[in-house]
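Trainee: here is a sequence with its predicted model. Questions after.
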Amino acid sequence: MKLQHLILIVVGCLWITACSKKSEKAPVQQVSRPQVKDGGQTIVFSNEKESDFFKGKVIESSSQRADLKAPARVVATVVRSDKNAGQNLVLFDNSDLTANYTQLLQHTINIQRIRNVNIRQKRIELERAKDLQANGAASGKEVLEAQTALAMEETNLANEKAAEIEHEAMLRLAGFQPEMLLNAKNGTVWMICEMPENQSGKVKEGDLCVVVFTSLPNQPYKGKVESIGNVVDNVTRMVKMRISIVNPDAQLRAGMFATVQFDVSEGNYISVPKEALVTVQGKDYVFVQKDKHTFERRPVMTGQQLGSSIIIYNGLAANDKVVTEGAMQLKGLSFGY
């Protein structure tokens with residue numbers, strides 16, 4: 001039994017020794033970590049395989065265009081009058097505007113009548129009274145009465161003009177010029193589009209646009225900007241724009257809602273894919289690849305998103321290579337996440 005125990009002990013020792021030598025010869029895999037410098041601003045990889053994980057795009061400055069959209073509604077349509085073949089009617093979606101326009105027309109007629117008929121007649125009567133007085137055929141009272149009658153008509157004219165201006169101002173605030181309404185052609189449709197104050201400068205009078213109505217989503221119309229309002233709403237900070245559309249098939253009616261789309265120029269700017277942008281504590285950053293192994297964190301000032309890209313106002317320069325794949329991994333290394 002002692003010999004058997006001795007043999008087992010020797011075999012056990014030999015097995016332990018063999019295992020020990022095998023473990024000593026096994027290679028230990030070394031895992032390299034990137035160097036993070038300057039408080040996370042610079043990240044350097046020592047392994048080319050690791051740096052190849054990140055993909056980038058060389059950026060450049062170019063003319064940026066955007067589709068600017070805004071809500072709108074049909075506020076007036078022009079139709080032919082059944083009572084007067086030579087006169088068109090303007091149908092508004094707002095009863096107050098209808099009243100303003102109707103009263104404006106009435107005051108305009110009154111002004112023409114007072115100026116061309118009443119005042120002219122009273123002036124003739126005053127001159128006749130003065131002539132008769134000069135020849136002893138009329139008294140001073142008759143001349144005074146003629147002067148008073150002329151003064152009353154001139155006062156009526158001033159009152160009519162004041163009322164006309166009041167109604168004209170209400171129409172202009174709504175985006176209409178009285179002359180335009182009076183000379184409107186049958187089939188004309190006017191829309192009012194409200195644009196944010198900070199975007200309104202990108203649209204000019206005469207610009208073309210595409211209008212899609214809620215009730216006619218598959219039938220876009222071509223529109224034209226006729227006028228841009230002179231007043232910014234104190235509460236909403238919106239600017240009104242009047243857009244005209246031709247309505248030959250009479251499908252468009254006052255009160256209909258739509259979306260207006262403008263193709264506007266944002267100017268020459270650098271833009272980056274939205275995947276390249278990372279945000280930390282309200283600040284925006286991108287990572288720029290300086291060489292094969294080095295990446296640099298850059299703070300940037302961003303602008304509007306145009307499709308899948310974001311305008312960059314400063315922080316980048318043309319020919320910078322911006323990381324578009326792997327930006328979130330670099331964010332973790334840079335900020336210690």
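Mentor: Looks like it came in fine. Residues are numbered from 1 along each chain as shown.
Trainee: which residues does the residue sitting nearest the centre point of the chain contact?
Mentor: Against the mean C-alpha coordinate of the chain, by C-alpha atoms, centre = their mean, the closest residue is residue 199 at 4.4 Å. Residue 199 makes contact with 68, 70, according to C-beta atoms under 8 Å, 6 or more residues apart in numbering. To be clear about C-beta, it is placed using only N, CA and C from the backbone, and glycine gets the same treatment.
Trainee: state the distance from it to residue 274.
Mentor: 20 Å (C-beta to C-beta, to the nearest Å).
Trainee: and the longest strand belonging to the chain, what's its mean pLDDT?
Mentor: Assignment by DSSP state E gives strand 61-80 as the longest strand of the chain. Mean pLDDT, strand 61-80: 84.
Trainee: can you check stretch 242-261 too?
Mentor: Rounded mean pLDDT across stretch 242-261 is 90.
Trainee: straight-line length of that stretch, end to end?
Mentor: In stretch 242-261, first residue to last residue: 14 Å (C-alpha to C-alpha, to the nearest Å).
Trainee: got the buried residues for that stretch?
Mentor: Going by neighbour count (16 or more other C-beta atoms under 10 Å), the buried part of stretch 242-261 is 242, 243, 244, 245, 247, 252, 254, 256, 258, 259, 260, 261.
Trainee: residue boundaries of the helices in the stretch 1-150 of the chain?
Mentor: Secondary structure of the stretch 1-150 of the chain (DSSP state H, counting those that start in this stretch): helices at 2-25, 48-51, 95-113, 119-134, 140-173.
Trainee: ok, which of the ones you listed comes nearest residue 287?
Mentor: Nearest to residue 287 among these is helix 48-51 (11.9 Å), distances taken as C-beta to C-beta.
Trainee: show me the contacts for residue 241.
Mentor: 175, 192, 193, 194, 195, 200, 203, 225, 227, 228, 229.
Trainee: relative to residue 315, which of the helices of the stretch 1-150 of the chain is closest?
Mentor: Comparing the helices of the stretch 1-150 of the chain under C-beta to C-beta, the one sitting nearest is helix 48-51, at 22.5 Å.
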